[in-house]
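In: Sequence and predicted structure are below.
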Amino acid sequence: MKAEGTKALGETMANSADQLTRNIVNAGTTIQFASTGTSRGNISSGMRLNSAELREAIATLKGNNAPKFDDGTYKCIIHPDIEQDLFNDSNLVNAFQYAANRGGSNPLATGVLGNYLGCDFVTTTNSQVVATGLSLGNGPTDVYLTVLFGKDYYGVIGLSAMTAQIIYHEPGSSGALNDPLSQVWSLGYKFAHSAARLDENRCVRIESSSSLGTE
C-alpha cells in the first residue's frame, strides 16, 4: 500500500507542478486569435488551429527575434484535441508524407506530430482548455490555449528550503492519544514551486476551438 501510494503521489506532485508552471506560461501577453476571432469571448466553432495559424505565430516569433532552442526549434504545447485537428490539415499531412523521413519514425506512422517548419510539438492534457467562447448562439465553446515559444521565455525556480518530499508516518507514530490502536498512518507530499515569464516577445499564445471540443 505504501509503495503504491508513494508512486501515485509522486505522479500527482509532478502533475501539480506542471500545471502551476502552465498557468504562468499561459498568461503571456502576445496573443493570436484563430481565424477572424478578436477575443476569447468570440471564438466559435470552426476557428481552429491549422498550418496557416502556425505560420503566422512562427512569423511573429521570428519578427520578435525570439531565439530558438538548442535543437533549432520553437516548442509548441498542444492539447490532444488540437493534435487531432492538425492531423486533419492537408498541409501538415502532405509535409509529413512528402518531406519527412520514411518508415516507422514518420509522424503519420507514429501518430506524434513531431517537427513542422521548425516547430516541435509537445502534446499534453495539461494544455489549458477554457469554456468561455460562443458558438453562434448555441452555447459555450471550449477555447484551447496553445503556446508556441522560444528559448528562455520562462524559468522555473527550485527552492532548496523546501525540496519536493513524499512523507510517510507509520501506524502508531502519532501517539496513544491520537492513535491508541496503532491503526492510523498518513502519506502526503509537499513542495515549493515558483515560475516566471522572462520575455513576453518569446511566446505566442494561440486561442482556438477544436472539432473535439464542446460546442
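Out: Yep, it's here.

In: for Arg48, phi and psi?
Out: phi -110, psi 160 (degrees, to the nearest 10).

In: Report the separation between Thr123 and Leu86.
Out: Distance from Thr123 to Leu86, counting by C-beta to C-beta, to the nearest Å: 10 Å. (C-beta placed from N, C-alpha, C; glycine too.)

In: between these two, what contacts are shared?
Out: 78, 113 (C-beta atoms under 8 Å, 6 or more residues apart in numbering).

In: who's more crowded, the two?
Out: Set side by side, Thr123 and Leu86 show unequal neighbour counts under other C-beta atoms under 10 Å, the larger going to Leu86 at 24 against 18.

In: Dihedrals phi and psi, the closest residue to Ser182 other than its chain neighbours?
Out: Leaving aside its chain neighbours, Ser182 sits nearest to Gly172 (3.3 Å; criterion: C-beta to C-beta, 6 or more residues apart in numbering). Torsion angles at Gly172 (phi, psi; degrees, to the nearest 10) stand at phi 90, psi -10.

In: same deal with Leu61?
Out: Dihedral angles (degrees, to the nearest 10) for Leu61: phi -60, psi -40.

In: Does it touch Leu148 like I think?
Out: Yes. Counting by C-beta atoms under 8 Å, Leu61 does reach Leu148; the two are 6.7 Å apart.

In: Between those two, point out the one with more neighbours.
Out: Leu148 (27 against 23).

In: which SSE is that one in?
Out: Secondary structure assignment for Leu148, by DSSP states H and E: strand 140-149.

In: cool, Val122 as well?
Out: strand 119-123.

In: Could you pull out the buried residues of stretch 68-78?
Out: 68, 73-78 (16 or more other C-beta atoms under 10 Å).

In: Any stretches of this structure with poor pLDDT?
Out: Across the chain, the ranges flagged by pLDDT under 70 are 1, 98-99, 103, 108, 111, 133-140, 215.

In: Can you check which helix is longest in it?
Out: Longest helix in the chain, counting residues (DSSP state H): helix 2-25.

In: Pull the CA coordinates from stretch 121-133 and hand them back as PDB.
Out: Output of stretch 121-133 as PDB, limited to C-alpha atoms (Å, rounded to 0.1, in the frame of the first residue of the first chain):
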ATOM      1  CA  PHE A 121       5.100  19.800 -30.800                       C
ATOM      2  CA  VAL A 122       4.600  18.600 -27.300                       C
ATOM      3  CA  THR A 123       1.100  17.000 -26.700                       C
ATOM      4  CA  THR A 124      -0.300  17.000 -23.200                       C
ATOM      5  CA  THR A 125      -3.700  17.100 -21.500                       C
ATOM      6  CA  ASN A 126      -2.300  19.800 -19.200                       C
ATOM      7  CA  SER A 127      -2.600  22.200 -22.200                       C
ATOM      8  CA  GLN A 128      -5.300  24.500 -20.900                       C
ATOM      9  CA  VAL A 129      -8.900  24.500 -22.100                       C
ATOM     10  CA  VAL A 130     -11.400  27.100 -21.100                       C
ATOM     11  CA  ALA A 131     -15.200  27.300 -21.800                       C
ATOM     12  CA  THR A 132     -15.700  31.000 -22.400                       C
ATOM     13  CA  GLY A 133     -16.300  31.200 -26.100                       C
END
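
In: about what we covered before: the strand holding Leu148 pairs with which strands, and in what direction?
Out: Note on strand 140-149: by DSSP bridges, its sheet partners are strand 74-78 (antiparallel), strand 129-134 (antiparallel), strand 203-208 (antiparallel).
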